[in-house]
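1. Turn this into a model:
(4 chains)
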There are 2 protein chains.
Amino acid sequence: MGGRRGDQGDQAAPGGGRAAATRARLLAAATRAFAARGFARASVREVCGAAGCNVAAVSYHFGDKAGLYRAVLLAGFERDAALPPPDDPSRPAGERLHDLVAAFLGRLLAPERHLHARVMTRELVEPTPALREVVEVAFRPLHGRIRALVRELRPDLRPADADLHTLGVIGQCVFYRHARPALDLLHGPDALGAADVPRLARHVAAQVLGGLGRHDLLPLPPPQGHSDDHPRPRRAAARRR
Amino acid sequence: MGGRRGDQGDQAAPGGGRAAATRARLLAAATRAFAARGFARASVREVCGAAGCNVAAVSYHFGDKAGLYRAVLLAGFERDAALPPPDDPSRPAGERLHDLVAAFLGRLLAPERHLHARVMTRELVEPTPALREVVEVAFRPLHGRIRALVRELRPDLRPADADLHTLGVIGQCVFYRHARPALDLLHGPDALGAADVPRLARHVAAQVLGGLGRHDLLPLPPPQGHSDDHPRPRRAAARRR
DNA sequence: GGCCGTTTCAAACGGCCGTTTGACACGACG
DNA sequence: CGTCGTGTCAAACGGCCGTTTGAAACGGCC
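-> Take a look at the predicted model:
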């Protein structure tokens, strides 16, 4: 029997990258499967079928199914590490909050990025032993950034209330990912999807700023007039900045 | 072999309610199991073990596992039908919104009621063929009630924006149920649970009212003051900037 | 060529799953 | 008492699961 590796971090495959290619196909297929059906319900036969390799490849390259799952999560962490826009303290806090929400929502919904986000947010609902790492690496840092902006916008807030505002933002965003099957039934299959990320981000940001009593900092003119008289055309110009 | 019933709606058990008792135990154990682990991962052996009966009882009383699941959902619908407070149009819309949010959050988190809510909200994330019914019977009516209050509070809102405000409320509430495992890790196992329902409801209601630009309608005095004139004796004196 | 470590494969293993089977216990009723 | 319908049971069935096995294929190297 060949030497098992069972872990990542190796290189110099004498076989000319053939093994690395199998590994990559397996990782991609597993990402799709875990995103679509979760850890428990995605089967290694299904993953290997999609990757075009034998079931034994999972134990050979990743040790076992849980190792494959961990590798999928790790790849998601690495891919997302550079994603969120670096915070620029010189800009207005309201705009920075909006941009952070937009980046988070994009990660949750945009077609090229949503797979890893699905795997990670599924952990929140259906935890595996990897939940702790997801919380520490992905959830808590995001929570911290939003919370810092909330406190910057309203320094007088009690910590516990800043937490509630923060979780409100995260909860609204995650809902558009988690509840997708139900939203498809409620609003039609294409409503409130990736194409609506700018609109959703604008709304969530305006919502939390309003809840903080900082209507003055709406990063964008609200799409609806509140006390004015002229009805807005549907595609009003007023792009941001 | 005995005549299968496989459906509910029967009565007149000659065996003196013994069958009905088994049915009830099965239903209770299945509710716990489906709430805790979902349809796919809860096994009929586990359910029947907890109910103290044989595995064949599932197929005898409910046809199959999916029938048992449908019966659990149905019982939840019936139990919750009388739960939400009837809307009283003579009261201020802000208070009615707060009460509705409080009732919804209570259903999601309160110990005696959360099991059915878990089964139903899990459908949003991990749909089974019963999702359609959950959406039509539970999700859409709640959405309609919140949306009507939102439009009453801000009649000038475009319908699409009223939807976003509505989903923001639901998303925040559902998050406290869905993300519980992650919240346990983030804030400690007892934070933001059933005991905090009044505080959470107050926050969510104040948040959406603020987002609607109706700070004037906060249903309860907010735990922190932001632009007011009288300091609040609440807990610690509210720190002012 | 012969060799060897690496990688892939078909096949099988044990285990849990949902479901079915056929027998048995029990109260009702003629 | 004998029969019947009802409800429960232990046991088994076929199927999918994750994992392992042992051999075959591959590719660089002498």
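2. Contacts for the helix or strand encompassing A:Leu124 next, please.
-> For A:Leu124, the enclosing helix or strand under DSSP states H and E is helix A:114-125. The set of residues that contact helix A:114-125 without belonging to it, under CB atoms under 8 Å, 6 or more residues apart in numbering or on different chains, is A:31-32, A:34-36, A:38-39, A:72-73, A:75-76, A:79-80, A:107-108, A:130-131, A:134, A:138-139, A:174, A:177-178, A:194, B:122, B:125-126, B:178-179, B:181-182. Quick note: C-beta positions are derived from backbone N, CA and C, even for glycine.
3. Next: stretch A:63-82.
-> Outside of stretch A:63-82, the residues within contact range by CB under 8 Å, 6+ apart are A:4, A:6-8, A:26-27, A:30-31, A:34, A:39, A:44, A:47, A:58, A:61-62, A:107, A:113, A:116-117, A:119-120, A:128-130, A:133-134, A:137-138.
4. In it, which residues are buried?
-> A:63, A:65, A:67-73, A:75-76, A:80 (16 or more other CB atoms under 10 Å in any protein chain shown).
5. Quick one: check that stretch for contact with DNA strand D.
-> Yes. Figure legend: stretch A:63-82 in contact with DNA strand D (CB under 7 Å from any atom of the strand); contacting residues A:64-66.
6. Nearest to B:Ala19 among these?
-> The closest of those to B:Ala19 turns out to be A:Lys65 (CB to CB; 41.3 Å).
7. Which pLDDT value belongs to the closest one?
-> In the prediction, the pLDDT value recorded for A:Lys65 is 98.
8. What of A:Glu133?
-> Residue-level confidence at A:Glu133 comes out at 94, pLDDT.
9. Grab the nearest non-local neighbour of it.
-> A:Leu73 (7.1 Å; CB to CB, 6 or more residues apart in numbering or on different chains).
10. ok, the one you found to A:Phe104 distance?
-> When distance is defined by CB to CB, to the nearest Å, A:Leu73 is 18 Å away from A:Phe104.
11. And A:Gly63, by the same measure?
-> Per CB to CB, A:Gly63 is found 32 Å from A:Phe104.
12. re the thing from before, can you narrow the contacts of stretch A:63-82 to ones near DNA strand C?
-> Counting by CB under 7 Å from any atom of the strand, the members of these that reach DNA strand C are A:His61.
13. Narrow the contacts of stretch A:63-82 to those that are buried.
-> Among the contacts of stretch A:63-82, those classed as buried by 16+ other CB under 10 Å are A:8, A:26-27, A:30-31, A:34, A:39, A:44, A:47, A:58, A:61-62, A:107, A:113, A:116-117, A:119-120, A:128, A:130, A:133-134, A:137-138.
14. could you pick out which of the residues you listed are near DNA strand D?
-> Checking the buried ones among the contacts of stretch A:63-82 against DNA strand D (CB under 7 Å from any atom of the strand), the matches are A:44, A:58.
15. Identify each buried residue in the lengthiest helix in chain A, please.
-> Longest helix in chain A, counting residues (DSSP state H): helix A:18-41. Buried residues in helix A:18-41, counted by 16+ other CB under 10 Å: A:19, A:22-23, A:25-35, A:38-39.
16. and which of those is nearest chain B?
-> Within the buried residues of helix A:18-41, distances to chain B taken as CB to the nearest CB reach their minimum at A:Gly38, with 7.0 Å.
17. pLDDT at that closest one, what is it?
-> Looking at A:Gly38, its pLDDT is 95.
18. Wait, it touches B:Pro127, no?
-> No. Counting by CB atoms under 8 Å, A:Gly38 stays clear of B:Pro127, with 11.8 Å between them.
19. show me where chain A has strands.
-> Secondary structure of chain A (DSSP state E): no strands located.
20. Using the record's assignment, carve it into domains.
-> In terms of domains, chain A is parsed into A:18-72, A:83-217 (source: automatic domain parsing).
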